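Enquirer: dropping the sequence and predicted coords here.
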Amino acid sequence: MLQTQLRPSTQLRPLTTAHLAQTMALIELSAVELEQKVQAELAKNPALEVKDARRCPVCKRQYADKGPCPRCHPAQTQQPDQPIVFVSPRYDFVHTRRDEETVQERDGQLAKEDLPTYVLKQIAPELPTEDRQIAAFILSNLDEDGLLEIPIIEVARYYHVPLSRVGGVIALIQHADPIGVGSPSPQDALLVQLEVLAEHQSVPPHAPTAIQEGMDLLSRHQYAELARQINIQVNQVEEIARFMCDNLNPFPGRAYWGDIRTGQSDTPPVFTQPDAIITPVDDSPEAPLVVEVFSPYAGILRVNPLFRQAINQVAENNTEQWKSDLGRAELLVKCLQQRTTTIVRLMRRLAVIQREFILHGDKHLRPQTRASLAKELQVHESTISRAVSSKSVQMPNGHIIPLSKFFDRSLQVRTALKQIIEEEKSPLSDSAISILLDEQGYSVARRTVAKYRAMEGILPSHLRQSQDVVEVS
């Protein structure tokens, strides 16, 4: 009796796993990649068919015109602060802007930037010319975690320079993004991250001591023993552990840096066709946004009903193959619907949160993380990460940007930094810029200013001064 009761759950588990796995795989695909996958499946699976008439993916009703379904999105009832989000299978996308700037933005996606290059670009303006070879050598010897694989003394011997000079180069590398990269060990990476965080937020007392003297105990959650060893309370050790989990990363190379995450595909995305287009209904300031989400074959892909009926009449030796085709077709249609629903929910929420950014530009971007959005939408963070991955959006100004830009927490600060430098009468130091940013509500340490300035390709103050002199002369 017990075996009879347990058997259904055993049979359901593979289906559930297959459904989840395929849904996650489809969510990660861009619209172009998804179209190719569905076309390939249509070519080999007779159980799938494409309907001629366009139907709403939500209410399934047929309609001929382009744009949102008039039944699901009646314009007269739309609230100004709520976007109109609809799914479109259309293939007639045309760029609304093809000027030189747009082409440069798109072509910029073609060049992959690895971690050593990304770090070197940040530190190059601060690095003496004679030390650039040392920095390049160090960065070429990072492992996949972003940690230095060779002893520091070997670098010093190779270039016949003092250890202190190598240490200075490594310190500059460690304070680039991602913080802690180039450290000799995970412990050193944590200490550097802790030092940087302490410049603009409070950190638990004794955290450096706990990392230096009790890293093994922390990793094994032996908090009571660590508390005795460094003579503090257990609850203080627990606070340190929580802080480390929330804010520190012992393997900086695995963290998000730039627009690439280590371990993903070697081929960076090329944004020639967006996955969504955002436009306002009209030119009025309060006009609602219209978000058209591209989902190839949405509302027109289905399981062939004649194939389903004929499966009972097929010869016995072909039954298994037909059932397999039918199962694959049903799974693909169901997972495609789930993918569409997830991306629509994501875009709807982003259009509300980032309305000002969409309409008025970078300085209006609101800080937003994938984790917080996942919690709000009640999905796993990996689902949001997959939904954002390799996707792009065409903004009202015609620019096509990666969807990940909606989560760029430094963009607003970098925009303010660029504006300060554009308006400076004489070159400002990073410390002075840090003070001005603080007056605007951005608490940014001097080192962070230097990092953001390097990311934007802006020279340090003494070189900007030299540049001004050359231009005047």
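Expert: Looks like it arrived, so ask away.
Enquirer: would you map the strands across this protein?
Expert: 48-50, 84-88, 256-257, 260-261, 276-280, 289-294, 301-303, 392-394, 400-402 (DSSP state E).
Enquirer: weakest of those strands in terms of mean pLDDT?
Expert: Comparing mean pLDDT over the strands of the chain, the weakest stretch is strand 260-261, at a mean of 42.
Enquirer: tilt between the longest helix seen in the chain and strand 276-280?
Expert: If you go by DSSP state H, the chain has its longest helix at helix 319-353. Interaxial angle of helix 319-353 relative to strand 276-280 (axes from the mean of the first three to the mean of the last three CA atoms, to 10 degrees): 30 degrees.
Enquirer: give me the angle between helix 319-353 and strand 289-294.
Expert: Using the same axes, to 10 degrees: helix 319-353 against strand 289-294 is 160 degrees.
Enquirer: which non-adjacent residue is nearest the most centrally placed residue in the chain?
Expert: For the chain, S404 is the residue whose C-alpha lies nearest the centre (CA atoms, centre = their mean; 4.3 Å). Of all residues beyond its chain neighbours, the one nearest S404 is V388 (5.5 Å), with distances taken as CB to CB, 6 or more residues apart in numbering. No exception for glycine: its C-beta is placed from N, CA and C like everyone else's.
Enquirer: distance check, the one you found against I400.
Expert: 15 Å (CB to CB, to the nearest Å).
Enquirer: repeat that for L336.
Expert: 24 Å.
Enquirer: which residue ranges make up each domain of this protein?
Expert: Domain segmentation of the chain under automatic domain parsing yields 25-93+274-407, 115-197+238-261, 411-472.
Enquirer: can you lay out those domains as CSV showing distance to R220?
Expert: What follows is those, written out as CSV (distance: least, CB to CB, whole Å):
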stretch, distance to R220
domain 25-93+274-407, 26
domain 115-197+238-261, 11
domain 411-472, 33
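Enquirer: nearest to H206, out of those?
Expert: domain 115-197+238-261 (6.8 Å; CB to CB).
Enquirer: pLDDT on the longest helix of the chain, on average?
Expert: Rounded mean pLDDT across helix 319-353 is 88.
Enquirer: list the buried residues of it.
Expert: 322, 325-326, 328-330, 332-333, 335-340, 342-351, 353 (16 or more other CB atoms under 10 Å).
Enquirer: next one: that helix to chain centre, how far?
Expert: Centroid separation for helix 319-353 versus its chain: 22 Å, with CA atoms, centre = their mean, to the nearest Å.
Enquirer: just want the angle from that helix to strand 84-88.
Expert: 150 degrees.
Enquirer: how about the helices in the stretch 101-250 of the chain?
Expert: Ranges of helices in the stretch 101-250 of the chain, per DSSP state H, counting those that start in this stretch, are 115-123, 132-139, 152-159, 163-174, 186-197, 207-219, 223-230, 234-247.
Enquirer: M24: which of those helices is closest?
Expert: helix 234-247 (25.0 Å).
Enquirer: quick revisit: so what's the residue count around the residue nearest to S404?
Expert: 21 (other CB atoms under 10 Å).
Enquirer: residue contacts, it?
Expert: L346, R370, L403, S404, F406, F407 (CB atoms under 8 Å, 6 or more residues apart in numbering).
Enquirer: can you check R414 too?
Expert: Here R414 is in contact with D362, Y452, M455, E456 (CB under 8 Å, 6+ apart).
Enquirer: and with 7 Å instead?
Expert: Taking CB atoms under 7 Å, 6 or more residues apart in numbering, we find R414 in contact with Y452, M455, E456.
Enquirer: nearest residue to the second one in space, please, no chain neighbours.
Expert: By the measure of CB to CB, 6+ apart, the closest residue to M455 outside its immediate chain neighbours is Q122, 6.3 Å from it.
Enquirer: just the first one next, same as before
Expert: In space, not counting the residues next to it along the chain, Y452 is nearest to R414; the distance is 4.8 Å by CB to CB, 6+ apart.
Enquirer: same question for K405.
Expert: K405 sits nearest to L411 (CB to CB, 6+ apart), 6.8 Å away.
Enquirer: give the buried residues for stretch 126-134.
Expert: For stretch 126-134, by 16+ other CB under 10 Å, it's E126, L127, D131, I134.
Enquirer: relative to T369, how far out is the residue nearest to S404?
Expert: 11 Å.
Enquirer: find residues that contact each of the two.
Expert: F407.
Enquirer: what's the burial count for the residue nearest to I173 when sequence neighbours are not counted?
Expert: Leaving aside its sequence neighbours, I173 sits nearest to G182 (CB to CB, 6+ apart; 3.7 Å). Look at G182: counted by other CB under 10 Å, it has 30 neighbours.
Enquirer: ok, the one 10 residues further on next?
Expert: Residue crowding around V192 was assessed by other CB under 10 Å; the count is 21.
Enquirer: then the one 5 residues further on?
Expert: Counted with other CB under 10 Å, residues neighbouring L197 total 17.
Enquirer: tell me the pLDDT of it.
Expert: 83.
Enquirer: do you know how far it is from N247?
Expert: Applying CB to CB to L197 and N247 gives a distance of 6 Å.
Enquirer: picking up where we left off before, of all the domains of the chain, which lies closest to P205?
Expert: Between the domains of the chain, domain 115-197+238-261 lies closest to P205; by CB to CB that is 8.6 Å.
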